[in-house]
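In: any chance you can model this:
(chains A and B)
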Number of protein chains: 2
Amino acid sequence: MAFKEKLLSVIESQNSLLCVGLDTDIERIPEHLKSESDPVLAFNREIIEATAEYAAAFKINTAFYEARGVQGWQTLQDTLDAIPPYCLTIADAKRGDIGNTSRMYAKSLFEVLGADAITVNPYMGHDSVRPFLEDPDKGVFILCVTSNPGSQDFQRISDGQSPLYKKIALTVQQWNDKSNCGLVVGATHPQELAEVRSWVPDMPFLIPGIGAQGGDIELAVRNGTDVQGTNALFNSSRAILYASSGPEYKSAAASVASKTRNELNRYRK
Amino acid sequence: MAFKEKLLSVIESQNSLLCVGLDTDIERIPEHLKSESDPVLAFNREIIEATAEYAAAFKINTAFYEARGVQGWQTLQDTLDAIPPYCLTIADAKRGDIGNTSRMYAKSLFEVLGADAITVNPYMGHDSVRPFLEDPDKGVFILCVTSNPGSQDFQRISDGQSPLYKKIALTVQQWNDKSNCGLVVGATHPQELAEVRSWVPDMPFLIPGIGAQGGDIELAVRNGTDVQGTNALFNSSRAILYASSGPEYKSAAASVASKTRNELNRYRK
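Out: Predicted structure coming up:
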């Protein structure tokens, strides 16, 4: 099934716009798990089990796994394998390089890890992104307006007619002949979210920045979803993973995931 | 030793501006190595041994290793360990993410893999780059004008006064309070190389695009080195690695590395 179709179908069957971010920091997982042979994997499995019914997708940030080298890469692979098939998997890797190199990253993320979708940095332009777009079943969310403070530095440079992030949104639209492109737009910038949605009304959005980063959920949903109130995933990582540092971390994560899912649904058209 | 000092000292002691790129594609290594327990590592060790005397640095592109999953990550680590201490190691990973995530990438590349320097994508701005700059001994080459065709798409957007790549060069200059920042500027754009050198006369450059990508060596050296004819590394990957696909690949790689080193030196001030 083509990626966009798959995304809309999962959002509908799960009745959820929530993406649970597995940015698991070994320093922050409950003490009793640290005696497990792979503490991060044990933690992730519990979080996945607790939250999958409320989630449309799980997003795994590769950095948190690479920080543990070979062992971390194994945990990354095992974590992706532990996500139930009715949820989408997103490898949040923000890759991008010259063509023959991006081809290798595509192989790593889509074939070796088997992710349904990834994130890509557009700075290097068309030949750095194209190799990721070859398989229509695999989604590619391209950075547009990121959720962090540094998004002010370069993303808004304007040629007098339009800021860079508009040029990126419209260029990605041109690359989207297989309907497998999406954009990353941060919930921390609700105004830009509305703008970008108006320029590319049909494109899937991955929207980080609710939860620990403090983006307003109501505005993010109203501005980020499409006219049907769908076509967007809203990511929360730390607020769910570390909802409690005590033994009840699992039910606490489920409870935050459930509440976030419901709050997201409340504001959908 | 602070990164910039280390770089200048290695260039002098090796009498070389050459960076050998280990973008090793398992499909392209000689047949007889494929029976080794780790063919890519075996090939890399031979290439390192053959070319180290002509090189100031080795650059390892992480994509080619990640494409082989857990095994590839082990090869990446073992390859970095096989580089002699008198050469610099550069992990060409082009990472960049929100602050708490970039911190994890910094840990992965500098602490786990132990690279002397890395490449970083600036699109996400200051808080995505800062975590990489904490250790003055570790170098950070930030993408400015990349060597590929897609560098035309976004890097040149201009606010009427200066193109994005100028804004990036000058911003990186401001971030450079520990003298460990550098810039990536492609040899395929000799004009921009001269411009960027004029804006940041003292900053180290990592210059890809000679070799298989076809950048002109004379222009790249004249425009990319500093007033002393140093402070820049010129990367060649495929032209050295695959100088021959036959049994003499090792001496062929040494010969191309030696010639490239000499040609780079010929045009230094």
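
In: and residue A:74, that one's in a strand?
Out: No: following the definition DSSP: H, G, I helix; E, B strand; the rest coil, residue A:74 is helix and is not counted among the residues of a strand.

In: wait, it sits on residue B:74?
Out: No: Residue A:74 lies out of contact with residue B:74 (CB atoms under 8 Å); the separation is 10.0 Å. Any C-beta I mention is one placed from the backbone N, CA and C, and that applies to glycine too.

In: my guess is residue A:246 meets residue A:30, correct?
Out: Yes: with contact defined as CB under 8 Å, residue A:246 and residue A:30 form a contacting pair (7.1 Å).

In: which one of the two is surrounded by more residues?
Out: Counting neighbours by other CB atoms under 10 Å in any protein chain shown for residue A:246 and for residue A:30 shows that residue A:30 has the greater number, 18 against 10.

In: OK, contacts around that one?
Out: Contact analysis of residue A:30 by CB atoms under 8 Å, 6 or more residues apart in numbering or on different chains lists A:43, A:245, A:246, A:247, A:249.

In: what is the burial count for residue A:13?
Out: Residue A:13 has 11 neighbouring residues, counting by other CB under 10 Å.

In: what about it, which SS state?
Out: Three-state assignment for residue A:13 (three-state DSSP): helix.

In: contacts only, for it.
Out: Contact criterion CB under 8 Å, 6+ apart gives residue A:86 as the residues in contact with residue A:13.

In: that one and residue A:119, how far apart?
Out: Residue A:13 sits 24 Å away from residue A:119, taking CB to CB, to the nearest Å as the criterion.

In: repeat that for residue A:151.
Out: As defined by CB to CB, residue A:151 lies at a distance of 14 Å from residue A:119.

In: list phi and psi for residue A:124.
Out: When read as degrees, to the nearest 10, the backbone of residue A:124 gives phi -90, psi 0.

In: please disregard the earlier target; I meant residue A:83.
Out: Given degrees, to the nearest 10, the pair of backbone angles that residue A:83 has is phi -80, psi 130.

In: neighbours around it, how many?
Out: By the measure other CB under 10 Å, the count of residues near residue A:83 is 24.

In: let me see the contact set for it.
Out: The contact partners of residue A:83, taken as CB under 8 Å, 6+ apart, are A:48, A:52, A:58, A:89.

In: quick one: mean pLDDT for the strand or helix carrying the first one?
Out: With secondary structure defined by DSSP states H and E, residue A:48 is part of helix A:39-51. Averaging the model's pLDDT scores along helix A:39-51 yields 98.

In: where do the helices sit along the stretch 101-250 of chain A?
Out: Under the criterion DSSP state H, counting those that start in this stretch, the stretch 101-250 of chain A contains helices at A:126-129, A:151-154, A:164-175, A:190-199, A:217-224, A:238-241, A:249-266.

In: let me have the ones you listed in TSV, extended by mean pLDDT, distance to chain B and mean neighbour count.
Out: Supplementary listing: the helices of the stretch 101-250 of chain A in TSV, determined by pLDDT from 0 to 100; distance: least, CB to the nearest CB, whole Å; neighbours: other CB atoms under 10 Å in any protein chain shown:
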stretch	mean pLDDT	distance to chain B	mean neighbour count
helix A:126-129	98	4	22
helix A:151-154	97	3	21
helix A:164-175	98	6	19
helix A:190-199	98	14	18
helix A:217-224	98	16	20
helix A:238-241	96	8	22
helix A:249-266	98	18	19
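
In: Serialize those helices to a markdown table and add fields for distance to residue B:199.
Out: As requested, the helices of the stretch 101-250 of chain A are exported to a markdown table (distance: least, CB to CB, whole Å):
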| stretch | distance to residue B:199 |
| --- | --- |
| helix A:126-129 | 24 |
| helix A:151-154 | 16 |
| helix A:164-175 | 20 |
| helix A:190-199 | 29 |
| helix A:217-224 | 38 |
| helix A:238-241 | 39 |
| helix A:249-266 | 46 |
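
In: could you say which one of those comes nearest to residue B:255?
Out: With respect to residue B:255, and counting by CB to CB, the nearest of the helices of the stretch 101-250 of chain A is helix A:126-129 at 30.4 Å.

In: list the helices and strands that closest one packs on?
Out: When contacts are defined as 3 or more CB pairs under 8 Å, 6 or more residues apart in numbering or on different chains; DSSP states H and E, helix A:126-129 sits against helix A:99-106, helix A:164-175.

In: residue contacts, residue A:57?
Out: A:10, A:18, A:19, A:20, A:87, A:88, A:89, A:90, A:116, A:117, A:233.

In: just residue A:223 next, same as before
Out: The neighbours of residue A:223, taking CB under 8 Å, 6+ apart as the test, are A:190, A:191, A:193, A:194, A:197.

In: ok, for residue A:199, nearest residue in space, not its chain neighbours?
Out: Closest residue to residue A:199 apart from its sequence neighbours, by CB to CB, 6 or more residues apart in numbering or on different chains: residue A:169 at 5.1 Å.
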